[in-house]
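> The sequence and its predicted three-dimensional model are supplied below.
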Amino acid sequence: NENLPFTLILTPHVYWAQRHRDIYLRVELSDAKNLDISLQDNNTLLFRAQGHGAKGDNEYRFSLEFLEPVRPEISHKSTQRQVDIKIKKQEERWWGRLTLQEKKPLFLAPDFDRWLDESDAEMELQAKEEKINRISVESRVPYLGLKKGYLFMYNLVQFLGFSWIFVNMTVRLFILGQDSFYDTFHTTADMMYFCQMMAVLEVINPLLGLVKTGFLPAMIQVAGRNVILFVIFGSLEDMQNKPVVFFVFYLWSTIEIFRYPFYMLACISTEWKLLTWLRYSLWIPLYPLGVVAEAVAVIQSLPIFDETRLFSLPLPAVLGHSLSFSFTLQLYLVLMFLGLFINFRHLYKQRRRRYRLKKRKVH
Ligand SMILES: CCCCCCCCCCCCC[C@@H](O)CC(=O)SCCNC(=O)CCNC(=O)[C@H](O)C(C)(C)COP(=O)(O)OP(=O)(O)OC[C@H]1O[C@@H](n2cnc3c(N)ncnc32)[C@H](O)[C@@H]1OP(=O)(O)O
């Protein structure tokens, strides 16, 4: 009763957190009724309600004089467990503390469920603004919808192609065992040709600014695979029934059945954590293994090129007959390990960037 001077005033526990624009208060009062929340002098919040708090069913009150002025509109929501209050700051800036008085009231504590420090809150704000900008730009520019549609379809087609290869090889491996190694090329090459020809778009896409991929890593990836597929396997029949084809195709398709669905989800702004982890982790064992398998294929092809003189370079008579293509391939072997180094570093950076960003968002 307001008229009785010795009435005991009960205060609920209040937890707080802030963002650059807002203050959040969580009042520990269950089944709160007769809520009276108001603002005095632009910076003092007065709270009164009946509910179940630390001292049982009672009327609870508190007041908070904020460090800086806040806006008059206060939104609140009373649930079975608590009362949530959101207050907008008048000036959009970070406060050093909540209250004007330096000493924190006893009933007040940080809300660690919502707590962010200033730099994390800045990141959150930036991410929100980026998302809003993206959505508003996307709704205004139909071309962006077209871009996402194109990328989604491209990734879907690649996913289906590589899944077909992967499943086909796996089933044959289970049924035929090691015998399946020898005719991988004849059973899957057409699909691999199709997928790898399509993959040329992965070099064009960054050039057109459609994806953020670097041109060089994409070029190394696509050119590297196409040399193996079209020059080593495609042009030498003797290479086509070697087991190395199995290992090369299997390593390529294993990563792609995770990478393309990851991109598909990115196109519709969705993420599955496990898929993201697989996309940014599987390359760690697969990439070096892939390069080793490709190097074995190149090494195995050297004597065949020497023998068949295919793609050999005619030389003036004084320098000999012709320069075997195997010399070019030996040079290529060195390039391959350079390519491995560049792309391994690139993928490592992409992984770090992805997980550093994620970590910051989680806080
Ligand atoms: C210059 C002449 C060179 C001649 C060649 C000489 C050397 C040859 C050596 C070659 C060695 C190759 C060996 C290799 O063939 C062995 C294997 O492949 S073994 C199997 C394992 N392999 C892998 O794991 C590699 C798989 N490939 C890749 O990861 C990519 O091709 C690569 C270019 C290497 C890296 O990808 P990227 O840079 O795109 O990284 P992100 O996935 O993080 O993407 C960056 C952002 O762009 C968005 N993005 C990219 N592509 C798409 C797409 N198709 N659709 C939608 N969005 C896409 C992606 O979402 C990222 O966006 P955000 O940053 O917002 O998340």
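Looks like it arrived, so ask away. Worth saying up front: this structure is predicted, and the values here are computed from it rather than measured.
> which stretches of this structure have low pLDDT?
Within the chain, the set of residues satisfying pLDDT under 70 comprises 1-7, 136-144, 357-363.
> domains for it, by residue range?
Listed by automatic domain parsing, the domain ranges of the chain are 14-115, 139-362.
> Return the distance of the first one from the chain's centre.
Distance of domain 14-115 from the chain centroid (CA atoms, centre = their mean, to the nearest Å) equals 36 Å.
> With respect to the ligand, which of the domains of the chain lies nearest?
domain 139-362 (2.2 Å; CB to the nearest ligand atom). C-betas here are computed from N, CA, C, even on glycine.
> How far does that closest one sit from its chain's centre?
21 Å.
> can you put the domains of the chain in CSV and add mean neighbour count and distance to Glu129?
Below are those laid out as CSV (neighbours: other CB atoms under 10 Å; distance: least, CB to CB, whole Å):
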stretch, mean neighbour count, distance to Glu129
domain 14-115, 16, 11
domain 139-362, 16, 14
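> Quick check: which of the ones you listed is nearest to Ala127?
With CB to CB, the closest approach to Ala127 among those belongs to domain 139-362: 6.7 Å.
> Is it correct that Ile304 is in contact with Lys242?
No. In this structure Ile304 lies outside contact range of Lys242 using CB atoms under 8 Å: 10.1 Å.
> mind checking the SS state of the residue lying closest to Lys88 once chain neighbours are set aside?
Leaving aside its sequence neighbours, Lys88 sits nearest to Arg71 (CB to CB, 6 or more residues apart in numbering; 4.2 Å). What DSSP: H, G, I helix; E, B strand; the rest coil gives for Arg71 is strand.
> Please tell me I have it right and Arg71 contacts Ile87.
Yes. Judged on CB under 8 Å, Arg71 makes contact with Ile87 at a distance of 7.3 Å.
> And the domains of the chain: which comes nearest Leu8?
domain 14-115 (8.9 Å).
> how far does that closest one stretch from start to finish?
14 Å (CA to CA, to the nearest Å).
> just stretch 84-94 next, same as before
End to end - CA to CA - stretch 84-94 spans 21 Å.
> and Ala266, what helix or strand is that in?
Element membership of Ala266 [criterion: DSSP states H and E] is helix 243-267.
> what about the strands in this structure?
14-18, 22-27, 30-40, 44-53, 56-65, 70-78, 83-89, 108-110, 313-314, 322-323 (DSSP state E).
> how about the helices of the protein, start to end?
118-140, 142-176, 184-198, 201-207, 215-226, 237-240, 243-267, 273-279, 283-308, 325-362 (DSSP state H).
> before we move on, back to that, with distance to the ligand as new columns, can the strands of the chain be given to me in TSV?
What follows is the strands of the chain, written out as TSV (distance: least, CB to the nearest ligand atom, whole Å):
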stretch	distance to the ligand
strand 14-18	29
strand 22-27	28
strand 30-40	42
strand 44-53	41
strand 56-65	41
strand 70-78	33
strand 83-89	31
strand 108-110	33
strand 313-314	19
strand 322-323	20
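> Now those in a markdown table, please, with extra columns for distance to Met123.
Below are these laid out as a markdown table (distance: least, CB to CB, whole Å):
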| stretch | distance to Met123 |
| --- | --- |
| strand 14-18 | 15 |
| strand 22-27 | 16 |
| strand 30-40 | 30 |
| strand 44-53 | 28 |
| strand 56-65 | 27 |
| strand 70-78 | 24 |
| strand 83-89 | 19 |
| strand 108-110 | 19 |
| strand 313-314 | 56 |
| strand 322-323 | 57 |
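> among those strands, which is nearest Leu274?
strand 14-18 (30.5 Å).
> Can you check what angle separates the closest one from strand 22-27?
Calculated by axes from the mean of the first three to the mean of the last three CA atoms, to 10 degrees, strand 14-18 forms an angle of 160 degrees with strand 22-27.
> Let me know the angle separating strand 14-18 from strand 44-53.
130 degrees.
> for strand 14-18, packing partners?
Packing partners of strand 14-18 (3 or more CB pairs under 8 Å, 6 or more residues apart in numbering; DSSP states H and E): strand 22-27, strand 108-110.
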